[in-house]
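Novice: I need the structure of the sequence given here:
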Amino acid sequence: MKFSFSHRLQSESDVRSIQSMEDNGFSSLEIFFADRESLGEQTLNLIDEVSSTTNLYLTAHLPYKNINIASVYQYVRESSTELLLNIIDDISDYVEIATLHTGYAQFGSGSLDQAIENNILSLAKICDRAAEHDIMVGAENAMNERHLVGKTFREMEALIRGVERGNLGITFDVGHAYLTGNIEDYLKKNECILEVHAHDNFGYTDEHLSVGEGKINWGQVYESIKDWDCPIVLEQRTMGEGIGSLRFIQGLSLETGPYFRLNQLLAAIHSASTSKELLHVNNAMIDLSESALRMGGTGSTVNHIVSSCREAMACRMVEIVLEKMKLPEGEKAGTV
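Specialist: The predicted structure follows:
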């Protein structure tokens, strides 16, 4: 896995922070541009300094504030697209992937279908310019706001098919996909994924919590993405939170880690044939929860362990009862 962190680059202090990333286990950097503004000479000099003083694989998150490449208003759409084209030209010597937001349908001004159509036209221009510099373009799946384009995997596929450019893929934002309830759709389509954005939430708003502090089942996500050859970008507010997220994900592969042991418990639940065997698993679940807290786990970690086991045990108990009820007539059912 190629771990990355999404970092602003506005001053020499940002450069120093980025230069420490490799020592903390990162091999990639996503340079984060949020605001609608052209890149000045100072920013370009900072990018050059990072490129020349580190071995980090560089990608970019293009601006999204006050930008709408899907706008029904031609001036807004074209000026937004032109700004992104100029930035791609400016960073072309440094990055290999550029992520962008897919835009939105203005409230009361045009349908979502029209916004998708406009998005396709804008993305085609952006991809053509990026292709001149051998840059891949990652369209990021949207969160759960009504007018955003790309909330569903079907909409994202429609964009990819409509643009028909070989350098267009998806930046899979796990936090956004949890809000829209379609994480599994993306996990099954890794051939489309250029980059993964990893952050957590509780299913209501885009909180960008550290990985493991919300309700996302990172054990399931990890099992799918662990062999993907693309940057896993940790999108937290501070480098400290990013390092904590990195350690959490690394712990998913450790045999002593809570999620590895949780998967073992779930396997034991699925193979149990009596309620007595399930009782042993329940005791092991309590031990695992206590161990997770001692190792620095959060309340969310314990909640995920307990809820996962209890749900699996309830389902398995029903299956055991149904299996006993199907015994041939005359055969005595044993203890459930």
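Novice: what is the mean pLDDT for stretch 307-326?
Specialist: Averaged across stretch 307-326, the pLDDT comes to 88.
Novice: the helix ranked longest in the chain - contacts with which helices or strands?
Specialist: Taking DSSP state H as the criterion, the chain has its longest helix at helix 299-325. If you count contacts as 3 or more CB pairs under 8 Å, 6 or more residues apart in numbering; DSSP states H and E, helix 299-325 packs onto helix 258-271, helix 275-294. The way it works is simple: take the backbone N, C-alpha and C, and place the C-beta from them, glycine included.
Novice: again, 10 Å this time
Specialist: With contacts taken as 3 or more CB pairs under 10 Å, 6 or more residues apart in numbering; DSSP states H and E, helix 299-325 sits against helix 218-225, helix 258-271, helix 275-294.
Novice: which parts of the last one are buried?
Specialist: Along helix 275-294, the positions that meet the burial threshold by neighbour count (16 or more other CB atoms under 10 Å) are 278, 281-282, 284-285, 288-289, 292.
Novice: likewise the first one?
Specialist: Residues of helix 218-225 classed as buried: 218-219, 221-222, 225 (neighbour count, 16+ other CB under 10 Å).
Novice: need those in JSON lines (columns: pLDDT).
Specialist: Below are the buried residues of helix 218-225 laid out as JSON lines (pLDDT from 0 to 100):
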{"residue": "218", "pLDDT": "88"}
{"residue": "219", "pLDDT": "83"}
{"residue": "221", "pLDDT": "93"}
{"residue": "222", "pLDDT": "91"}
{"residue": "225", "pLDDT": "94"}
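Novice: separation between the residue nearest to residue 158 when sequence neighbours are not counted and residue 151?
Specialist: Computed as CB to CB, 6 or more residues apart in numbering, the closest residue to residue 158 that is not its neighbour in sequence is residue 116, at 6.1 Å. Per CB to CB, to the nearest Å, residue 116 is found 11 Å from residue 151.
Novice: now swap in residue 212 and tell me
Specialist: Here the criterion is CB to CB. By it, residue 212 lies 25 Å from residue 151.
Novice: repeat for residue 9
Specialist: For residue 9, the distance to residue 151 (CB to CB) stands at 30 Å.
Novice: re the thing from before, need the buried residues of helix 218-225 in JSON lines (columns: distance to residue 306).
Specialist: Formatted as JSON lines, the buried residues of helix 218-225 follow (distance: CB to CB, whole Å):
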{"residue": "218", "distance to residue 306": "16"}
{"residue": "219", "distance to residue 306": "14"}
{"residue": "221", "distance to residue 306": "19"}
{"residue": "222", "distance to residue 306": "19"}
{"residue": "225", "distance to residue 306": "25"}
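Novice: looking at these, which one is closest to residue 207?
Specialist: Ranked by distance to residue 207 (CB to CB), the buried residues of helix 218-225 are led by residue 218 at 15.0 Å.
Novice: all the strands of the chain, residue numbers only.
Specialist: Along the chain, counting by DSSP state E, strands occupy 2-7, 28-32, 57-61, 97-101, 136-140, 168-173, 193-198, 231-234.
Novice: thanks again, I'm all set now.
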